[in-house]
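J.: Everything below, folded, please.
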Amino acid sequence: MTTALPDCARVLEAVSAATLVHGGGRILLANAAMQRLLGYTQAQLQAMDAAAWAAPEAREMLAAYGHRALSEDGELPVLEVEALTASGARRQLEISARRLAGEEPPLVLVTAQDLSDIRHVQNSLLEVGQAMRQIVQNDPVPTFVIDAQHRVTQWNAACAQLTGIPAHRMLGSTEAWRAFYDQPRPMMADLIVDGSIAEQGARHYGDALRASPAVPQAYEREDFFPRLGESGRWLFFNAAPLLDLEGRVVGAIETLQDVSARRRAEEELRRHRNALEQMVAERTAELLMTHHDLDAFMENAPVGILATEHKRIVRSNKTFCDMFGLDGANIGELTGRSFFVSDEDYKGLIRLMAPQLMAGRAVTHEMKMRHAGGAALWVQLIAYVADPQVTPPRVWWLLQDRTAVWQAQQELVLNYRNLQEANARVAEAQSQLLQSEKMASIGQLAAGVAHEINNPIGFVNANLSSLRRYVSGMLALLQAYVAREDGTAAQDPELLQLKKSADLDYMAEDLPLLLTESEEGLSRVKKIVQDLKDFSRVDHADWQMADLNAGLDSTLNMVMNEVKYKAELRREYGSMPPVRCLAGQLNQVFMNLIVNAAHAIPTRGVITLRTGVAPRDGEDWAWVEVQDDGHGMSAEVQRRIFEPFYTTKPVGQGTGLGLSLSFSIVKKHGGHIELESAPGQGARFRVWVPVAGPRSGAAEARAYTAALITSS
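T.: Residues are numbered from 1 along each chain as shown. The predicted structure follows:
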């Protein structure tokens with residue numbers, strides 16, 4: 001045996017098939033083809049048992065097969081076994097073994113053929129066949145398929161719904177006609193299987209039977225079926241042959257479409273006849289091509305399909321080219337990056353999908369991609385690796401254009417945001433309206449109180465005037481009596497005591513002063529009441545000509561208690577014409593600004609009030625300014641100061657509506673508010689309003705001119 005092995009090795013090397021020799025124990029020889037197949041060197045194989053290269057679950061069977069070859073003459077039946085290569089990959093092998101004649105001890109020659117690729121092709125074909133069956137079954141177009149013996153092999157759900165006969169009653173039957181006719185007669189698919197459609201078709205289906213313009217050897221017809229439905233149905237049906245690889249007819253497929261509605265409204269739908277026939281032809285062509293190879297299926301798929309290797313496109317269908325506006329002839333020159341908006345999008349997709357794909361899992365993702373013309377597309381991608389163990393892996397992609405859906409979603413989001421903004425504006429308006437009504441109620445209450453106070457003040461003032469007259473007369477009379485008293489009266493002790501107790505001289509001097517001070521106090525009370533009425537302006541709720549300087553003074557008197565302990569007040573009023581406005585509302589603006597200025601001063605400071613008039617945009621504008629030397633505001637606070645409910649005051653000390661309401665009031669007057677402030681440098685608010693009021697047309701201007709003439 002020792003001398004025979006070198007000769008045997010030379011013979012094995014000349015053989016292209018993967019071959020090895022063993023004697024029941026370790027492997028003695030393995031040719032180069034076997035070494036490549038298993039991924040081991042000669043030395044590694046010679047260190048193995050004869051069955052060690054097989055997958056663990058197949059080693060016992062392979063060892064028994066080898067021992068059987070040692071004990072029997074002739075070649076044994078072939079055995080399929082799974083090999084475990086040096087890289088860890090599993091490959092399906094078909095092996096045969098026979099004992100070498102004349103060798104002692106006996107040797108076994110094992111020959112292996114790699115079945116992995118064949119199995120992959122078989123599995124792919126099975127998967128394609130299964131997919132084709134599912135496509136037919138799930139097709140919304142009623143469809144049935146017969147084989148060469150006229151047996152029904154497929155009767156999809158749509159066909160069962162159309163005819164009212166379930167699939168289990170039709171599958172295997174050779175009488176498909178029972179679902180449509182009362183008497184036996186061949187279906188169009190039967191005539192195609194028999195090859196007699198050209199000769200017998202007109203006899204059964206009349207002159208309306210015609211060859212399909214889109215699919216070779218296919219025929220189509222439209223007819224009325226009284227058995228279908230309550231009052232019968234018009235069906236457009238077509239049939240096409242199913243051919244094997246050698247072009248022999250192995251069956252036929254027939255599709256049926258209910259066109260009753262079109263028949264009932266034929267005049268209205270005649271404009272769409274060509275489109276309908278084209279759709280039927282395309283569907284028939286699609287169903288026929290599903291029985292061909294994967295290339296034909298891909299080409300007619302309604303979604304974009306492509307395969308990539310090494311980040312380059314190796315296969316694609318027409319839908320993909322149409323989706324991205326590509327020329328199919330040059331698509332192989334493009335890389336995957338060509339379809340993405342940016343490098344970051346491309347790299348991000350790879351980072352997302354690579355781990356999942358390498359693990360053998362399918363990945364679904366939606367993102368923005370780029371049309372060849374530069375337009376943006378929103379695409380749904382489904383990716384999977386056909387065989388993760390193959391290097392380099394081939395990645396299959398299914399792409400669907402969802403741009404219209406994405407645009408609809410974006411529009412929905414925009415509408416939702418607009419609705420939120422509208423709701424916020426409504427909430428702001430409601431809050432401001434509530435605050436305005438609250439202030440109006442306070443104004444009405446203040447006006448009522450002022451009216452009630454005026455009445456007693458009036459008669460007290462009148463009584464004081466009368467009292468002054470009475471007291472003056474009485475004092476004059478008393479003084480005259482004292483001057484003319486006789487000696488007896490001067491010596492009367494009781495009169496002397498009464499005169500001393502009354503102290504008429506002091507009373508005559510002090511009583512007029514007391515009356516004067518009381519009248520001054522009443523005047524001050526009247527002034528406060530008048531300021532309260534001027535501030536509330538309940539009797540002037542409409543647009544009117546008003547003196548803003550006077551309104552500012554009356555407002556200041558109302559809030560003096562808030563100001564006098566915090567700040568020194570300085571007035572720098574300019575000469576102003578009457579302004580057309582809602583005086584009560586502007587007084588509310590002045591009050592908010594003055595009170596806020598007082599609150600902004602931590603201990604003691606200065607508040608300056610200024611007014612004036614300046615020309616702007618061809619008309620006169622009045623301005624009122626409130627300036628304080630308080631703590632000031634940051635830029636962030638200034639940006640939000642007029643927002644509803646925003647306040648810098650502690651919880652419970654501010655509603656956040658004062659400046660928001662002031663902003664709305666000034667805006668209603670066609671004006672605006674200017675703000676200058678910095679932290680630690682106080683703040684200056686300047687309110688601008690047009691003297692003529694908000695401009696709304698020529699009638700507004702005429703009303704303002706007439707009001708000026710009246711006021712002057």
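J.: Would you state the helices of the stretch 451-600 of the chain in chain order?
T.: Listed in chain order, the helices found in the stretch 451-600 of the chain under DSSP state H, counting those that start in this stretch are 487-491, 493-502, 504-536, 548-558, 560-563, 583-599.
J.: These: lowest mean pLDDT?
T.: Set side by side, these differ in mean pLDDT, and helix 487-491 is lowest with a mean of 58.
J.: Identify the bridge partners of residue 233.
T.: The residues paired with residue 233 through beta bridges, assigned by DSSP bridges, are residue 225.
J.: Wait, it touches residue 224, no?
T.: Yes. Distance between residue 233 and residue 224: 7.4 Å, which falls inside the contact criterion (CB atoms under 8 Å). Yep, even glycine has a C-beta here, placed from its N, CA and C like the rest.
J.: Those two: which is more packed in?
T.: When residue 233 and residue 224 are compared on other CB atoms under 10 Å, the one with more neighbours turns out to be residue 233, at 20 against 11.
J.: residues touching that one, list them.
T.: For residue 233, the set of contacting residues under the criterion of CB atoms under 8 Å, 6 or more residues apart in numbering consists of 162, 224, 225, 258, 260.
J.: And for residue 206?
T.: Residues in contact with residue 206, defined by CB under 8 Å, 6+ apart, are residue 221.
J.: now do 10 Å
T.: For residue 206, the contact set (CB atoms under 10 Å, 6 or more residues apart in numbering) comprises 221, 223.
J.: and it, how far is that from residue 593?
T.: Separation of residue 206 from residue 593 (CB to CB, to the nearest Å) stands at 94 Å.
J.: again with residue 104
T.: If you measure residue 104 against residue 593 using CB to CB, the figure is 120 Å.
J.: Have a look at the two and say which one is more surrounded.
T.: Neighbours around residue 104 and residue 593, counted as other CB under 10 Å, are more numerous at residue 593. The numbers are 26 against 7.
J.: The more buried one contacts residue 661, doesn't it?
T.: No. Counting by CB atoms under 10 Å, residue 593 sits too far from residue 661 to count as a contact (11.7 Å).
J.: residue contacts, residue 249?
T.: Going by CB under 10 Å, 6+ apart, the list of residues near residue 249 reads 148, 192, 193, 194, 195, 217, 241, 242, 243.
J.: Can you tell me the centre-most residue of this structure?
T.: The C-alpha lying nearest the average C-alpha coordinate of the chain belongs to residue 413 (CA atoms, centre = their mean; 4.8 Å).
J.: And the average pLDDT for whichever strand or helix holds it is what?
T.: Secondary structure from DSSP states H and E places residue 413 in helix 403-483. Model confidence over helix 403-483, given as mean pLDDT, is 67.
J.: Quick one: end-to-end distance for stretch 621-639.
T.: 25 Å (CA to CA, to the nearest Å).
J.: Could I get the buried residue list for it?
T.: Buried residues in stretch 621-639, counted by 16 or more other CB atoms under 10 Å: 621-633.
J.: Now tabulate these in CSV and tack on secondary structure, distance to residue 392 and pLDDT.
T.: Output for these, formatted as CSV (DSSP: H, G, I helix; E, B strand; the rest coil; distance: CB to CB, whole Å; pLDDT from 0 to 100):
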residue, secondary structure, distance to residue 392, pLDDT
621, strand, 76, 95
622, strand, 80, 95
623, strand, 77, 95
624, strand, 79, 95
625, strand, 77, 95
626, strand, 77, 94
627, strand, 76, 94
628, strand, 75, 92
629, coil, 77, 91
630, coil, 73, 90
631, coil, 70, 88
632, coil, 68, 89
633, coil, 65, 89
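J.: now for those residues, which pair is the farthest apart?
T.: The two members of these with the most space between them (CB to CB) are 621 and 631, at 30.0 Å.
J.: Roughly how far does the nearest residue to residue 628 once chain neighbours are set aside sit from residue 22?
T.: Leaving aside its sequence neighbours, residue 628 sits nearest to residue 597 (CB to CB, 6 or more residues apart in numbering; 3.8 Å). Using CB to CB, we find residue 597 at a distance of 106 Å from residue 22.
J.: between the two, who's got more neighbours?
T.: Set side by side, residue 597 and residue 22 show more neighbours around residue 597, with 28 against 24, by other CB under 10 Å.
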